[in-house]
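Engineer: Please work out how this folds:
(2 chains)
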Amino acid sequence: MNILRQIEIENMKASVPDFGIGDTVDVHYQIKEGDKERIQVFSGTVIAITGRGIRRTALIRRLVAGEGVERRFPIHSPRVADVRVRGRGKARRAKLYYLRELEGKATRLKPNMGKARYPRSLKSKAGQAKQDAPKQDS
Amino acid sequence: MTLGILGKKLGMTQIFREDGTCIPVTVVQAGPCKVLQIKVVAAGEHPEGHRTSTGNRGKKSGRQERTRAADGYYAVQLGFDDRPARTSSKAALGQAKKAGLEGSKHFVREFRLGEAPTVKPGDDVSASLFEGVTNVDVVGTTKGRGWAGTIKRWNFHRQPTSHGNSLNHRTAGGLGRMHSISKGVPKGKKMAGHYGVERVTVQNLEVIKVDADRNLVYLRGAVPGHNNGYLMLSKSIKVKIKR
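Structural biologist: Residues are numbered from 1 along each chain as shown, chains lettered A, B, ... in the order given. This is a model prediction of the structure:
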């Protein structure tokens, strides 16, 4: 296996929550305030996923007081404690940037009724690769 | 002037610290290297078994043994990456054989030292050399850009795209002097030309991690050249002052 890929797998989270474009998710993000750590939840629609391996990021869009807010999360960052899927959305594009132009009811996505349209086994795949990674001697 | 190591740029990725900070790292395959030769100031300092050299110099009398001359400086010559015998020169194979190796190496460089080297030809040098080292200097060969204009090559400004400018958007502009002191174009004037494929040293790259088992060194930031390009790594000559 490509050694760079192997290094990435070693540093990646063993399991990544299973979500995709169009899903509505809650991102649990650890923030530090002085000495205290607390979890902040950012919930919105996944409108873009970029990068491969440990460099993978998700762009989440939500509306706050009528104003669109977008935030990009590095999925493998230890700060991203959890990603919970609230609903599956049906997306016919890889990037949902068109949602920025829309308002109100038009931003709704059709729910994806339990259809597996992207690899559900993202986490098991990465976990498996970690186990399979050949242990090199010296 | 300390011993460094030869390596290969594997590529870039990122690593997260526990507090969530993301570090851009270049992963370098540092070694394993073999010591091919030792350069010494005085002839007697050559290590045992390397004090003489043989050759017949085209004479019929056959192989002749001569005392090896002094090199006049201290250095260690390292070799990295095996080279198949069919692409090796006979001289390189002979040198490798003398150091007790099977075949020659692709990438051979010398590290100048201030004092007599402690290693001997045939010794291994591995990434563990950098354990405990905080900063390194990296020498590499930059990516080739071919024939490049002055904007890319010398960071010139471009000219206006409009306001009457015609077909002179990326040209160099004036070359130098007024008529009264006309002496032609000044020497060393920056112009378009071949850019890249140069030896470049990047100083003070932070060592994030040393993986001695796999001979990997993780450096913060970028190093010159493309992936799989050869590099020379050595301990930083300028130690970073922490503020």
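
Engineer: okay, CA-based contacts and neighbour counts for the rest of this
Structural biologist: Noted.

Engineer: Pretty sure B:E115 sits against B:Y74.
Structural biologist: Yes - counting by C-alpha atoms under 8 Å, B:Y74 is a contact partner of B:E115 at 6.2 Å.

Engineer: ok, which stretches of the chain are helices?
Structural biologist: No chain was given, so I picked chain A. A:3-11, A:122-132 (DSSP state H).

Engineer: my bad, chain B
Structural biologist: B:90-98, B:150-154.

Engineer: Return the member of these having the minimum mean pLDDT.
Structural biologist: Of all the helices of chain B, helix B:90-98 carries the lowest average pLDDT, namely a mean of 86.

Engineer: hey, which strand is longest across chain A?
Structural biologist: strand A:36-50 (DSSP state E).

Engineer: mind checking pLDDT for residue 25?
Structural biologist: I went with chain A, as the question did not name one. A:V25 is given a pLDDT of 89.

Engineer: meant chain B actually
Structural biologist: At B:V25, pLDDT is 94.

Engineer: For it, which non-adjacent residue is spatially closest?
Structural biologist: B:R220 (4.6 Å; C-alpha to C-alpha, 6 or more residues apart in numbering or on different chains).

Engineer: if I look at the one you found, how far off is B:R66?
Structural biologist: 48 Å (C-alpha to C-alpha, to the nearest Å).

Engineer: The two: who's more crowded?
Structural biologist: B:R220 (21 against 11; other C-alpha atoms under 10 Å in any protein chain shown).

Engineer: didn't B:K235 look like it was pressed against B:N135?
Structural biologist: Yes - taking contacts as C-alpha under 8 Å, B:K235 lies within contact range of B:N135: 6.4 Å.

Engineer: Next one: the spatially most central residue of chain A from A:S77, what distance?
Structural biologist: Most central in chain A under C-alpha atoms, centre = their mean is A:A58, positioned 4.6 Å from the mean C-alpha point. Between A:A58 and A:S77 the distance is 11 Å, computed by C-alpha to C-alpha.

Engineer: just B:L205 next, same as before
Structural biologist: In terms of C-alpha to C-alpha, B:L205 sits 23 Å off from A:S77.

Engineer: Between these two, which is the more surrounded one?
Structural biologist: Legend: neighbour count by other C-alpha under 10 Å for B:L205 and A:S77, higher for A:S77 (24 against 20).

Engineer: Confirm for me that the more buried one is in contact with B:Q14.
Structural biologist: No - A:S77 is beyond contact range of B:Q14, at 10.4 Å (criterion: C-alpha under 8 Å).

Engineer: Show me the common contact partners of those two, please.
Structural biologist: Counting by C-alpha atoms under 8 Å, 6 or more residues apart in numbering or on different chains, the residues touching both A:S77 and B:Q14 are B:C22.

Engineer: tell me the contacts of the residue nearest to the centre of chain A?
Structural biologist: So A:A58 contacts A:V46, A:I47, A:A48, A:I49, A:T50, A:R72, A:F73, A:P74, A:I75 (C-alpha under 8 Å, 6+ apart).

Engineer: likewise B:Q14?
Structural biologist: Counted by C-alpha under 8 Å, 6+ apart, B:Q14 has contacts A:E8, A:I54, A:R55, B:C22, B:I23, B:P24, B:V25.

Engineer: near chain A, which residues of chain B show up?
Structural biologist: B:10-20, B:22, B:27, B:212-215 (C-alpha under 8 Å from any C-alpha of the partner chain).

Engineer: what number of residues lie near B:N165?
Structural biologist: Around B:N165 there are 10 residues (other C-alpha under 10 Å).

Engineer: Nearest residue to it in space, please, no chain neighbours.
Structural biologist: Closest to B:N165 by C-alpha to C-alpha, 6+ apart is B:Q159, at 7.9 Å.

Engineer: Report the contact partners of that neighbour.
Structural biologist: So B:Q159 contacts B:N165, B:N168, B:H169, B:R170, B:T171 (C-alpha under 8 Å, 6+ apart).

Engineer: Report the buried members of these.
Structural biologist: Neighbour-count burial (16 or more other C-alpha atoms under 10 Å in any protein chain shown) applied to those gives B:R170, B:T171.

Engineer: which of the contacts of B:Q159 lies closest to A:S15?
Structural biologist: B:R170 (50.4 Å; C-alpha to C-alpha).

Engineer: per-residue confidence at B:Y195?
Structural biologist: pLDDT, B:Y195: 95.

Engineer: Could you report the neighbour count for the residue nearest to it when sequence neighbours are not counted?
Structural biologist: Excluding its sequence neighbours, the residue lying closest to B:Y195 (C-alpha to C-alpha, 6+ apart) is B:R145, at 5.3 Å. Using other C-alpha under 10 Å, B:R145 is surrounded by 13 other residues.

Engineer: Spell out which residues sit in contact with B:R145, please.
Structural biologist: B:H194, B:Y195, B:G196, B:V197.

Engineer: May I see these arranged in a markdown table, with neighbour count and distance to B:A127 as well?
Structural biologist: Formatted as a markdown table, these follow (neighbours: other C-alpha atoms under 10 Å in any protein chain shown; distance: C-alpha to C-alpha, whole Å):
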| residue | neighbour count | distance to B:A127 |
| --- | --- | --- |
| B:H194 | 13 | 35 |
| B:Y195 | 18 | 32 |
| B:G196 | 17 | 28 |
| B:V197 | 15 | 26 |
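
Engineer: Which pair of those spans the longest distance?
Structural biologist: B:H194 and B:V197 (9.0 Å).

Engineer: residue ranges for the strands of chain B, please.
Structural biologist: Counting by DSSP E, the strands of chain B are B:5-16, B:22-30, B:33-39, B:52-55, B:64-67, B:74-82, B:105-113, B:124-125, B:135-141, B:146-148, B:193-195, B:199-211, B:216-220, B:230-235.

Engineer: how far is the longest one from where the chain is centred?
Structural biologist: If I follow you right, that is strand B:199-211. Relative to the mean C-alpha coordinate of its chain, strand B:199-211 is positioned 12 Å out (C-alpha atoms, centre = their mean, to the nearest Å).
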